[in-house]
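S.K.: Quick check, what structure comes out for this input:
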Amino acid sequence: MTTKRLIVVLATTAVLAALLALGITAMLVNIFERKTEAKNPFYRVVALDDNTTDPAIWGKNFPLQYDDYKRTVDQVRTRYGGSEAVPHTPTQADPRSVVAQQKLEEDPRLKTMWAGYAFSKDFREERGHAYMLIDQMFTERQKVAKQPGTCLNCHASMWVAYKKAGNGDIWKGFDAINHMPYFEARKLVQHPVSCIDCHDPTTMALRVTRPAFIEGLRNLRKQPDYDPNTMATRQEMRAYVCGQCHVEYYFKGPEKRLTYPWNRGLTGDAILSYYDEETTHSDFTHAETGAKVLKAQHPEFEMYNQGIHARSGVACADCHMPYKREGGLKISDHHVRSPLLNINRACQGCHRWDEAELRARVETIQTRHVQMRDTTMDALMALIADIKSAAAAGASEAQLDEARKYQRKAQFLLDFVEAENSTGFHAPQEAARLMTLSIDYTRRGEIALRNVLPGPAALPQPETPKKPTV
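M.R.: Numbers count the residues shown, from 1 in each chain. Here you go, the predicted model:
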């Protein structure tokens, strides 16, 4: 090898070695930066305390989570749930430019089920957390019935409001706000549910801030001193912070005290037995039959607890707020939404199938659920029609009361499934069991009228519900 060629080879080697060293150095620097970043999950740009309700202020310390939180204004519909923007002409009293789809138009049978109650006038698809306060303020139900301040428990950032109303005692503040008129209590809050409702501002630890939920857990566990904030595991807390609001409830007594009816358990029929045997509560008198009936709310926590995910130790946040990587940080996705809109992170961490397969599995469960729900709804419509026919035929109140009792039971169990927002997915077998019980109660109600009606009433032919957009 000539001297000149040797010099070229050595120079080339030196350049390659330098480039390799530079690449390794850059990689090591990047790794060091990411490790350093991971050691500092947030920077205290501003001071937070137990009175900071504005999520934008929290966002200065937690910009990634706050950016996700703001995205809950997104409106994307899955096959059987969620909401798309519907044009709306705003008024001076109603500043919204869009609203959610009206479920009463998709299935007019709901108007019959809730005849005489405010939900027969307005019942819309659920929207993201960003809308929870404004949607409650401007629902048509506010015009039909005066709502109490209790309703704000699940629609607003209430921690500071409870403290102020109770002079520092959230339990006293909770009692005080419950029986305020809605719009009087509304003056005490500024934001929908916010960071402070789920996190301690000093440690960022998860926490339960709703007295009704704590009281409900105490009744459920038969532990009068149970406090989830000191006694629950972190994984339990990742379900409890959601369960504070996504529950069945009722307003107890003239003081409208928010109460979770869990004394006998979390299943729909256990809750029904509580209403029937431990209280005299009914939500309204059915306008067409005179039955004293119940309105189920949104029992996601109850139904989730009957499903395979809960039994496997999976929390609400694992699916609806799955972990993700942002640089060197691992954070929960605060863009709270349907797992079907985020299958890669929400589902595929545990289920090793492609997205199309997982979506098909979910939609199969939901399609079968909708079919069972429609059959159960038809059965209830038939019972309501029979009670009306019996009353028109001159049946006595005593004769009608037995059928009305079964309407109450059948309607609540169907409504429990209807009001739950997973379209059966959280616990498909439990949902099917409750609908079977509902159909059995409608059958018993019709048997009770057998000696009153001259013949079997014709099955009503409801309007065909609009099929959801795929």
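S.K.: Assign a three-state SS to G445, would you?
M.R.: Secondary structure for G445, judged by DSSP: H, G, I helix; E, B strand; the rest coil, is helix.
S.K.: Mind pulling up the pLDDT for it?
M.R.: In the prediction, the pLDDT value recorded for G445 is 96.
S.K.: Just the element for the spatially closest residue to it that is not a sequence neighbour, please.
M.R.: Residue nearest to G445 in three dimensions, not counting chain neighbours: Y406, with 3.3 Å by C-beta to C-beta, 6 or more residues apart in numbering. All C-beta atoms are positioned from the backbone trio N, CA, C, and that covers glycine. Assigned by DSSP states H and E, Y406 belongs to helix 397-419.
S.K.: do F425 as well
M.R.: Assigned by DSSP H and E, F425 belongs to no helix or strand.
S.K.: hang on, isn't it packed against Q366?
M.R.: Yes: F425 lies in contact with Q366 (C-beta atoms under 8 Å); the separation is 6.0 Å.
S.K.: got a list of what the residue nearest to G445 touches?
M.R.: L383, Y441, T442, R444, G445, A448 (C-beta atoms under 8 Å, 6 or more residues apart in numbering).
S.K.: now the helices for the stretch 201-350 of the chain?
M.R.: With DSSP state H, counting those that start in this stretch as the criterion, the stretch 201-350 of the chain has helices at 211-221, 228-231, 234-243, 268-278, 300-304, 308-311, 316-320, 343-346.
S.K.: ah, wrong one, I meant the stretch 51-200 of the chain
M.R.: Along the stretch 51-200 of the chain, the stretches classed as helices by DSSP H, counting those that start in this stretch are 55-61, 63-70, 103-106, 109-113, 132-137, 141-144, 159-165, 170-178, 182-185.
S.K.: what's the third one packed up against?
M.R.: In other words, helix 103-106. helix 109-113 (3 or more C-beta pairs under 8 Å, 6 or more residues apart in numbering; DSSP states H and E).
S.K.: Mind listing what's buried along the helix it packs on?
M.R.: For helix 109-113, burial by neighbour count (16 or more other C-beta atoms under 10 Å) applies to R109, L110, T112, M113.
S.K.: mind giving me TSV with those and columns for pLDDT?
M.R.: TSV is the format used below for the buried residues of helix 109-113 (pLDDT from 0 to 100):
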residue	pLDDT
R109	97
L110	97
T112	97
M113	98
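S.K.: Assess the claim that D283 and Y249 are in contact.
M.R.: No: applying C-beta under 8 Å as the test, D283 and Y249 come out as separate, 11.0 Å apart.
S.K.: what's the most buried one of the helices of the stretch 201-350 of the chain?
M.R.: Counting by mean count of other C-beta atoms under 10 Å, helix 300-304 has the highest mean neighbour count of the helices of the stretch 201-350 of the chain, with a mean of 25.
S.K.: which strands and helices sit next to it?
M.R.: Looks like helix 300-304 contacts helix 234-243, helix 316-320 (3+ C-beta pairs under 8 Å, 6+ apart).
S.K.: closest to W58 out of those helices?
M.R.: Among those, helix 234-243 comes nearest to W58, with 15.1 Å by C-beta to C-beta.
S.K.: what's next to that closest one, contact-wise?
M.R.: 197-198, 206-208, 213, 217, 228, 232, 300-301, 304, 310, 313, 315-318, 320.
S.K.: can you pull the pLDDT of K35?
M.R.: pLDDT at K35 comes out at 56.
S.K.: Check the one 5 residues further on too.
M.R.: Confidence per residue is given as pLDDT, and for N40 that number is 54.
S.K.: Then A11?
M.R.: pLDDT recorded at A11 is 71.
S.K.: do you know how far it is from A17?
M.R.: Distance from A11 to A17, counting by C-beta to C-beta, to the nearest Å: 11 Å.
S.K.: And for F174?
M.R.: Distance of F174 to A17, computed by C-beta to C-beta: 70 Å.
S.K.: same question, E363
M.R.: According to C-beta to C-beta, E363 and A17 sit 57 Å apart.
S.K.: more crowded one of these two?
M.R.: E363 (17 against 10; other C-beta atoms under 10 Å).
S.K.: Now do the same contact list for the more buried one.
M.R.: Neighbour list for E363: R79, Y80 [criterion: C-beta under 8 Å, 6+ apart].
S.K.: part of a helix, is it?
M.R.: Yes: counting by three-state DSSP, E363 falls inside a helix.
S.K.: pLDDT score assigned to it?
M.R.: We have a pLDDT of 97 for E363.
S.K.: Which parts of this protein belong to which domain?
M.R.: 11-40, 55-355 (automatic domain parsing).
S.K.: M377 is nearest to which of those?
M.R.: M377 lies closest, by C-beta to C-beta, to one member of the domains of the chain: domain 55-355, at 5.3 Å.
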